[in-house]
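**Student:** the sequence isn't on hand, but the structure is:
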């Protein structure tokens, strides 16, 4: 399926895929917004792909392991195409399974996995969307980190601790890591 896609002209800018993965409430979307602003300020071509936004566009995406994997693979393909055309892609998805993240990594030339870490207790405390309360009351089943697994990255390129860092500190850590990519 993917091998049948036609590749277009040679790239003029170096694209990147920054894949932010972590529990719900860990700060992925907030950090993605901050990074987007940084790249925009630098005049880079940048696009954000966010789990909540895309589930709004594709509302029939399920939450079984198979449905989550297929969703991540589709998004990963989109990210790889944008990257090919010189866009810096900031993808913020729980993406709980290593195999699906590895699939995306293999589609991309410049894939940077960023583990956005915060303890489960901190994520529950933040509970921006009220999801953990719904899980604890039984309204939601198969929730990542509670009754469905989250497979932490084994060797992410970057790990940020959003429980103990501000969003500015986490973004600065990522931008410092990316400096060689942005200069080349």
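**Tutor:** The structure has been received and is ready for your questions. Bear in mind that the values here come from a model prediction, so they are computed numbers and not experimental data.

**Student:** any idea which helix is longest in this protein?
**Tutor:** helix 65-84 (DSSP state H).

**Student:** mean confidence score for that helix?
**Tutor:** Helix 65-84 shows a mean pLDDT of 92.

**Student:** stretch 27-34 now?
**Tutor:** Mean pLDDT, stretch 27-34: 96.

**Student:** can you tell me what sits against that stretch?
**Tutor:** By Cβ atoms under 8 Å, 6 or more residues apart in numbering, the list of residues contacting stretch 27-34 from outside reads 20-22, 48, 50-52, 90-94, 116, 118, 160, 162, 167-168, 170-171, 174. The C-beta positions use only the backbone N, C-alpha and C, and glycine is treated the same way.

**Student:** among these, name the buried ones.
**Tutor:** Among those, those classed as buried by 16 or more other Cβ atoms under 10 Å are 20-22, 48, 50-51, 90-94, 116, 118, 160, 162, 170-171, 174.

**Student:** among those, which ones are in strands?
**Tutor:** Of the positions in those, 20-21, 48, 50, 90-92, 116, 160 sit in strands, assigned by DSSP state E.

**Student:** can you add distance to residue 123 and give the residues you listed back as JSON lines?
**Tutor:** Formatted as JSON lines, those follow (distance: Cβ to Cβ, whole Å):
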{"residue": "20", "distance to residue 123": "14"}
{"residue": "21", "distance to residue 123": "13"}
{"residue": "48", "distance to residue 123": "21"}
{"residue": "50", "distance to residue 123": "17"}
{"residue": "90", "distance to residue 123": "20"}
{"residue": "91", "distance to residue 123": "19"}
{"residue": "92", "distance to residue 123": "14"}
{"residue": "116", "distance to residue 123": "10"}
{"residue": "160", "distance to residue 123": "14"}
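
**Student:** looking at those residues, spot the one nearest residue 143.
**Tutor:** Of all those, residue 143 sits closest to residue 21, with 15.9 Å by Cβ to Cβ.

**Student:** how about residue 167, phi and psi?
**Tutor:** phi -60, psi -40 (degrees, to the nearest 10).
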